[in-house]
Every structure is written in C-alpha cells, then in structure tokens.
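*Asks:* how would this look folded up:
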Amino acid sequence: MGNTRLDLTGQIINGVEVVSFHSMIRGRTHWNCICRCEKELISAGSYIKSGKAGCGCRRGRGHTHGMTNTKFFKLWTRIITRCYNKSCFGYYRYGGRGIVVCDRWKTSFQNFMDDMYEEYLEVKKTIPNLQIDRIENDGNYCPENCRFVSPKENANNRSTESVRVLNNFQAVEVMDMYFSGNYSYKQISDIMLVSKSTIGSLVSGKMYRNLFC
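*Replies:* Numbers count the residues shown, from 1 in each chain. Now for the predicted structure:
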C-alpha cells in the first residue's frame, strides 16, 4: 500500500498539518491531521490536497459550511434523525432496532462530507435521485458500510422485514421520488412496491403528515 499512495505526512495545506496515515476507507486514503486551531481531525487525502480539509474554524463564528440547503446535507440529517428521533417515521426500522450512526459522522457533518462527498458527486452523474444505502442491512451508518445507489437498488437490498415495511408505505422515499419530478406514479409504484392510490394519498397529505423528519 505504501508504494501506491502519495505520502502526505508532514505537509501543511491551508492551515491543516498532516501528522500520519490513518486508514484506507472504500479505496480512499484518510489521514490524521491537526487543524490551525490545534483540533485533531481525520480527513480524506483528496480534501487535504484540495485545501478543503479542516474543522470549520476558518469560516469564523456565525458561518456555516454552506451546504444546509443541499440534498447531500439533507441525507446526513436524515440518517441522524432516523436513528435517534423516536418520533421520526420509520424510526423502528433504524434506531429502534439498534442501527446507529458512527461517532465520526454523528458529531460532524464535515466528516461525513470528507468521507462521502466525492462518491456522491460521482454517482450523481448517472443517478440524479440517489439514496444512501447500508451495504449490510443490519450494520450501522459508517464509511465502510455506506454507498449511494438508485431507489430501486436500495429497495432490492432491503431485508424481508424491510420489504414488508416498504409495502406498508415507506413514505419518505416515495415522497422524495414524487417531488423530484423524475418519476411517474407508475414508476414509483414499480420501484417501491406500493400502489398508485397509496402514492396519491401520500401526495395529498391524507396519510403520514409528519414525513420529512
């Protein structure tokens, strides 16, 4: 491995010093770093080289990462909510059965972005309405167990129990697909295994009013 990766140890790029190699995660190098504010962090090599790595301190107080209104940020908030908010639709399929978000992602959107944003952008070129999927359905949300897939592939990867729940209106995915404007009722029905009348009821607000948690 040491012969195939560029050694970033000792480099300082945009105020972030690379201390040592951390690990390979899904084919990407990750490094132990120290930010200019002396906070320790782990960042992907590509982010370090592009100057985007850091804990966020350089943005200053009152400033954010600028991603709040993006789908990528909403994917992150959704996995946090479905694992820890008991009032969230579908909680029992995630946090309710022991699925958690790894500490690295749970405490930092920036870490989630470091680990997954490049893959997100690459997959999005061919799958505009992508979803985040756990490779092992009983595993947690973490870099090693997550990827981006189409809604149909995501549905196919679910366990027997999940398919039963999907037949009982996996409302969040259905609504996402409908309001994206990329799918007809029939296409959603075929992919998500719900009836067209169910989709109509969801869209009209006749069922599951508290969807987007």
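*Asks:* now stretch 75-93: mean pLDDT?
*Replies:* For stretch 75-93, the mean per-residue pLDDT is 85.
*Asks:* in that stretch, what's buried?
*Replies:* By neighbour count on 16 or more other CB atoms under 10 Å, the buried set for stretch 75-93 is 75-76, 78-83, 88-91, 93. C-beta here means a position set from N, CA and C on the backbone, and glycine is covered the same way.
*Asks:* in a markdown table, list the residues you listed along with distance to Ser180 and secondary structure.
*Replies:* What follows is the buried residues of stretch 75-93, written out as a markdown table (distance: CB to CB, whole Å; DSSP: H, G, I helix; E, B strand; the rest coil):
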| residue | distance to Ser180 | secondary structure |
| --- | --- | --- |
| Leu75 | 14 | helix |
| Trp76 | 18 | helix |
| Arg78 | 15 | helix |
| Ile79 | 19 | helix |
| Ile80 | 22 | helix |
| Thr81 | 20 | helix |
| Arg82 | 19 | helix |
| Cys83 | 24 | helix |
| Cys88 | 21 | coil |
| Phe89 | 19 | coil |
| Gly90 | 19 | coil |
| Tyr91 | 24 | helix |
| Arg93 | 22 | helix |
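*Asks:* relative to Lys196, which of those residues is nearest.
*Replies:* The closest of the buried residues of stretch 75-93 to Lys196 turns out to be Phe89 (CB to CB; 20.5 Å).
*Asks:* for the chain, which segments count as helices?
*Replies:* 45-50, 71-84, 103-106, 109-124, 151-156, 160-167, 171-180, 185-192, 196-204 (DSSP state H).
*Asks:* which among these is found nearest to Arg26?
*Replies:* It's helix 109-124; of the helices of the chain, that one is closest to Arg26 (CB to CB) at 7.2 Å.
*Asks:* ok, back up a step: weakest of the helices of the chain in terms of mean pLDDT?
*Replies:* Across these, the lowest-scoring stretch is helix 160-167, with a mean of 37.
*Asks:* among the helices of the chain, which comes closest to Cys37?
*Replies:* Here helix 109-124 is closest among the helices of the chain (CB to CB), at 13.3 Å.
*Asks:* CA atoms of that closest one as PDB?
*Replies:* Output of helix 109-124 as PDB, limited to C-alpha atoms (Å, rounded to 0.1, in the frame of the first residue of the first chain):
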ATOM      1  CA  PHE A 109     -21.200  16.900   9.000                       C
ATOM      2  CA  GLN A 110     -17.800  17.900   7.800                       C
ATOM      3  CA  ASN A 111     -16.500  14.400   8.500                       C
ATOM      4  CA  PHE A 112     -19.400  12.900   6.600                       C
ATOM      5  CA  MET A 113     -18.600  15.300   3.700                       C
ATOM      6  CA  ASP A 114     -14.900  14.300   3.800                       C
ATOM      7  CA  ASP A 115     -15.800  10.600   3.600                       C
ATOM      8  CA  MET A 116     -18.700  10.600   1.100                       C
ATOM      9  CA  TYR A 117     -19.000  13.800  -0.900                       C
ATOM     10  CA  GLU A 118     -16.700  12.700  -3.800                       C
ATOM     11  CA  GLU A 119     -18.500   9.400  -4.200                       C
ATOM     12  CA  TYR A 120     -21.800  11.300  -4.000                       C
ATOM     13  CA  LEU A 121     -20.800  13.600  -6.800                       C
ATOM     14  CA  GLU A 122     -19.600  10.700  -9.000                       C
ATOM     15  CA  VAL A 123     -22.700   8.600  -8.500                       C
ATOM     16  CA  LYS A 124     -25.000  11.600  -9.000                       C
END
